[in-house]
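Chemist: missing the sequence, but the structure's below:
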């Protein structure tokens with residue numbers, strides 16, 4: 001039977017998760033780039049949302065959630081064939097249509113996260129081709145492995161809302177794309193700061209609010225599990241923000257808005273896989289660990305590895321999601337306020353399963369993304385020519401400008 005309260009909550013959660021991409025992620029990323037590239041970032045997020053919607057309908061949903069094959073779903077519900085208006089999604093009390101739409105919003109934000117790795121220097125045609133292929137080749141199979149009854153689900157991998165499915169896939173793929181594209185001119189020593197720090201903060205706060213739909217919505221009910229998931233999500237975000245701020249303050253003498261909200265996103269990404277399994281104490285641990293560890297990884301990727309992952313997708317989302325997935329094993333113990341383990345399962349055995357889940361998905365995402373980048377490069381090219389990069393992608397690619405006033409200094 002369809003439950004009205006559960007359905008209302010998942011409808012609301014669906015709106016919240018879409019709000020994370022449009023406009024939350026779009027504004028968060030747009031504020032971090034130079035003024036001459038703001039519209040290109042907004043366009044990437046908008047176009048990906050529309051493209052994924054069509055592909056989800058055409059077959060990606062069916063590949064992710066339909067069928068009993070442990071590796072990939074089938075196409076029996078391609079174009080949503082056989083999905084009836086009043087059908088209840090198996091194992092839930094919500095309509096099939098609501099579940100399909102809810103999962104679509106996850107599929108939308110995941111390739112949109114990768115945008116942060118290639119801003120200011122990629123061809124728009126490459127964005128569309130790579131994102132579409134990536135949804136089919138990387139996202140749909142991994143979703144099936146974890147949430148669609150595939151081999152990782154059978155093994156018992158725990159990923160409540162996307163530490164493996166969303167953040168590991170996007171983070172590893174972002175690193176591969178950033179390496180393939182190469183560095184922006186001036187990286188890492190002479191890049192200008194974000195052109196609109198206030199916009200970064202606004203976008204991050206939209207993500208924070210939307211994340212309640214992301215994590216608490218993954219309960220698929222309007223009950224105690226959703227309540228706890230919402231509580232620990234908020235706690236981890238707040239504690240990670242303070243942790244990042246404290247490190248930056250101690251190191252530079254001034255806490256920055258951009259730094260603090262980056263800590264917010266790190267905390268949110270890290271609590272995501274654990275949010276339905278841990279309690280408040282687990283959220284405190286995850287908040288501190290994510291704020292400190294993701295901060296360190298940003299420095300490692302940019303200063304030591306010299307990789308221009310422009311907006312820190314790997315260091316924040318990838319590292320955060322993988323760390324949270326591994327921390328789920330010990331912190332879900334009832335001794336720490338978690339849900340406890342199934343019969344015959346220990347923290348150690350669960351940790352091994354989590355490692356297998358993270359490792360296998362990281363390898364698949366990296367290898368598949370490398371191949372897809374090569375295909376994209378061969379078909380439409382990858383990076384814009386230096387002249388276009390210098391002028392900015394807004395005018396050269398989209399024929400528009402983000403601001404109808406003269407912008408001076410390093411924001412150009």
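Modeler: Everything's here; your move. These figures come from a predicted structure and were not determined experimentally.
Chemist: Tell me the buried residues in the longest helix anywhere in the chain?
Modeler: What stands out as the longest helix in the chain, according to DSSP state H, is helix 347-379. The neighbour-count check on helix 347-379 (16 or more other Cβ atoms under 10 Å) flags 350, 353-354, 357-358, 360-362, 364-366, 368-369, 372-373, 376-377 as buried. All C-beta atoms are positioned from the backbone trio N, CA, C, and that covers glycine.
Chemist: How far off centre is it?
Modeler: Here helix 347-379 is found 15 Å from its chain centre; the criterion is Cα atoms, centre = their mean, to the nearest Å.
Chemist: With stretch 342-356 instead?
Modeler: With Cα atoms, centre = their mean, you get 25 Å for stretch 342-356.
Chemist: Show me the contact partners of it.
Modeler: Applying Cβ atoms under 8 Å, 6 or more residues apart in numbering, the external contacts of stretch 342-356 come out as 152, 155-158, 325-326, 328-330, 332-333, 341.
Chemist: pLDDT averaged over it, what's the number?
Modeler: Averaged over stretch 342-356, pLDDT sits at 97.
Chemist: for stretch 364-377, same thing?
Modeler: Rounded mean pLDDT across stretch 364-377 is 98.
Chemist: how close does the closest residue to residue 273 other than its chain neighbours sit to residue 46?
Modeler: Counting by Cβ to Cβ, 6 or more residues apart in numbering, residue 273 lies nearest to residue 163, which is 2.5 Å off, once chain neighbours are set aside. As judged by Cβ to Cβ, to the nearest Å, residue 163 and residue 46 stand 26 Å apart.
Chemist: Neighbour count for those two, which is higher?
Modeler: residue 163 (33 against 15; other Cβ atoms under 10 Å).
Chemist: wait, the more buried one sits on residue 329?
Modeler: No - Residue 163 is not in contact with residue 329 according to Cβ atoms under 8 Å; the separation is 11.8 Å.
Chemist: quick one: low-confidence ranges for this structure?
Modeler: 406-412 (pLDDT under 70).
Chemist: quick one, strands of it?
Modeler: Here the chain has no strands by DSSP state E.
Chemist: Any of the contacts of stretch 342-356 buried? List them.
Modeler: 152, 157-158, 325-326, 328-330, 332-333, 341.
Chemist: And the furthest pair within the residues you listed?
Modeler: Farthest apart among the buried ones among the contacts of stretch 342-356 by Cβ to Cβ are 152 and 333. That separation is 21.1 Å.
Chemist: Count the neighbours of the closest residue to residue 167 other than its chain neighbours for me.
Modeler: Distances taken as Cβ to Cβ, 6+ apart place residue 321 nearest to residue 167, at 2.4 Å, with adjacent residues excluded. If you count neighbours by other Cβ under 10 Å, residue 321 ends up with 31.
Chemist: quick one: contacts for residue 321?
Modeler: Neighbouring residues of residue 321 by Cβ under 8 Å, 6+ apart: 162-164, 166-168, 171, 269-270, 272-273.
Chemist: In helices, which of those appear?
Modeler: Within the contacts of residue 321, residues falling in helices by DSSP H are 171, 269-270.
Chemist: Quickly name whichever of those residues is closest to residue 84.
Modeler: Looking across these and measuring by Cβ to Cβ, the closest to residue 84 is residue 269, at 36.0 Å.
Chemist: Report how many residues lie close to the closest one.
Modeler: Other residues lying near residue 269 total 32 when counted by other Cβ under 10 Å.
Chemist: ok, now residue 93?
Modeler: When neighbours are defined as other Cβ under 10 Å, residue 93 has 17 of them.
Chemist: Which residues are in contact with the nearest residue to it once chain neighbours are set aside?
Modeler: Computed as Cβ to Cβ, 6+ apart, the closest residue to residue 93 that is not its neighbour in sequence is residue 3, at 3.7 Å. By Cβ under 8 Å, 6+ apart, the contact list for residue 3 reads 93-94, 221.
Chemist: now those residues as JSON lines including distance to residue 246?
Modeler: Formatted as JSON lines, these follow (distance: Cβ to Cβ, whole Å):
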{"residue": "93", "distance to residue 246": "43"}
{"residue": "94", "distance to residue 246": "41"}
{"residue": "221", "distance to residue 246": "37"}
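Chemist: ok, of these, which one's closest to residue 82?
Modeler: For the contacts of residue 3, the nearest to residue 82 is residue 94 (17.6 Å; Cβ to Cβ).
Chemist: Pop out the phi and psi values for the closest one.
Modeler: phi -120, psi 160 (degrees, to the nearest 10).
Chemist: correct me, but residue 277 touches residue 330?
Modeler: No - checked against Cβ under 8 Å, the pair residue 277 and residue 330 is beyond contact range at 10.8 Å.
Chemist: Give me the common contacts of these two.
Modeler: Going by Cβ under 8 Å, 6+ apart, no residue sits against residue 277 while also sitting against residue 330.
Chemist: quick one, helices of the stretch 151-300 of the chain?
Modeler: Taking DSSP state H, counting those that start in this stretch to define them, one finds helices in the stretch 151-300 of the chain at 151-155, 169-181, 197-215, 224-252, 257-271, 280-299.
Chemist: most packed of these?
Modeler: helix 257-271 (a mean of 27; mean count of other Cβ atoms under 10 Å).
Chemist: next one: that one to chain centre, how far?
Modeler: 13 Å.
Chemist: Compute the inter-axis angle for that helix and helix 169-181.
Modeler: Interaxial angle, helix 257-271 versus helix 169-181 (axes from the mean of the first three to the mean of the last three Cα atoms, to 10 degrees): 130 degrees.
Chemist: which helices and strands sit right next to helix 257-271?
Modeler: Packing contacts for helix 257-271, counted by 3 or more Cβ pairs under 8 Å, 6 or more residues apart in numbering; DSSP states H and E, involve helix 26-32, helix 197-215, helix 224-252, helix 280-299, helix 319-331.
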